[in-house]
Structures are given as structure tokens and as C-alpha cells.
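In: Below are the sequence and a predicted model for it; my questions follow.
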Amino acid sequence: MKKIFITFITTLVFAFSFIGCSNPSTPTTTYKIEIGVVSNSTYTTAFSMASSYGANITHENIKTIRDYLYQNTTSNYDNSTKGVTKDEIRDFLTQYGMTTVQANAEIACLETLGNDIAFFEYAYSSSSKVWMYAEKE
């Protein structure tokens, strides 16, 4: 299981390592990515926290949820992915199960607040979820 998750992380890092050509006069906003695995009950609590903030959610609210997830991460925590563009994040989100509309909504939140959290099914255990936190560098 750990070997498969390491492959997942390696794929993520590899996917994020491609930086497209950009106009040197236009700085590209990049993000730091953190990933971890939590229990379904931790996920449910984090999701409830986010829902309680509603449309008034702030950067600090999302940071509070991230801190809760980090404190309750059960395995495979990684915070080494830096320099990721929003297009690379969008590609990752759609590659791992989000629709383009859902991914664009996550990117909009990321651009507006400067951070965002997304959740994914954990392929190796139905009793866990993968969380991904992105924050503007």
C-alpha cells in the first residue's frame, strides 16, 4: 500500500514538474501543495467545518481546516511539492476524478482566497480520504 501511495505522490510530483513556457514579463503565480490521508470521520468533520463557514469562508478558515487535517493525518503526509501553477493543479484535479466544472470551482476559490482544500477517494481503503491543500507561495 505504501509503495502504491509513493507511486501516486511520484506521479503528482512528476505532473507538477512540467512548467509550461510563459512570457518572462508576466510573473506566474505558483502554489505549494500538501497531501495526506485521513479517516472518514476526520474528513466528515473537516467537511462540516467548511460547510459551517458557507459563502463567507476565508483564507484563515481554510487554514484552520488544513491544520485540523494535518493534526489528524494518519499516513503519507507530504508537503514537498512547490512551484505548482493553477493549470497544473486543474489538470491534477481532473485526472483524479473531478469534473472540469468542479476543478474550475476549486481553482476559483484558490485564486480568490489564496488557498483551498480538495478531497479524493483513497484507492486503497474505503475508510480513508486523501486531502490536498494548496496555498499561494
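Out: Looks like it arrived, so ask away.
In: Now Ala134: phi and psi?
Out: Ala134 has phi and psi values of phi -120, psi 140 when expressed as degrees, to the nearest 10.
In: Next one: Ser80 from Met49, what distance?
Out: With the distance defined as CB to CB, to the nearest Å, Ser80 ends up 26 Å from Met49. Using the backbone N, CA and C atoms, a C-beta is placed for each residue, glycine as well.
In: give the contact list for the nearest residue to Ala134 once chain neighbours are set aside.
Out: Ranked by CB to CB, 6 or more residues apart in numbering and with sequence neighbours excluded, the top spatial neighbour of Ala134 is Tyr31, at 4.6 Å. With contacts taken as CB atoms under 8 Å, 6 or more residues apart in numbering, Tyr31 has the following neighbours: 84-86, 89, 110, 134-137.
In: Adding pLDDT, neighbour count and secondary structure, write the residues you listed out as a markdown table.
Out: Formatted as a markdown table, those follow (pLDDT from 0 to 100; neighbours: other CB atoms under 10 Å; DSSP: H, G, I helix; E, B strand; the rest coil):
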| residue | pLDDT | neighbour count | secondary structure |
| --- | --- | --- | --- |
| Val84 | 96 | 22 | strand |
| Thr85 | 96 | 17 | coil |
| Lys86 | 94 | 20 | helix |
| Ile89 | 96 | 23 | helix |
| Leu110 | 96 | 22 | helix |
| Ala134 | 97 | 27 | strand |
| Glu135 | 97 | 18 | strand |
| Lys136 | 97 | 15 | strand |
| Glu137 | 95 | 11 | coil |
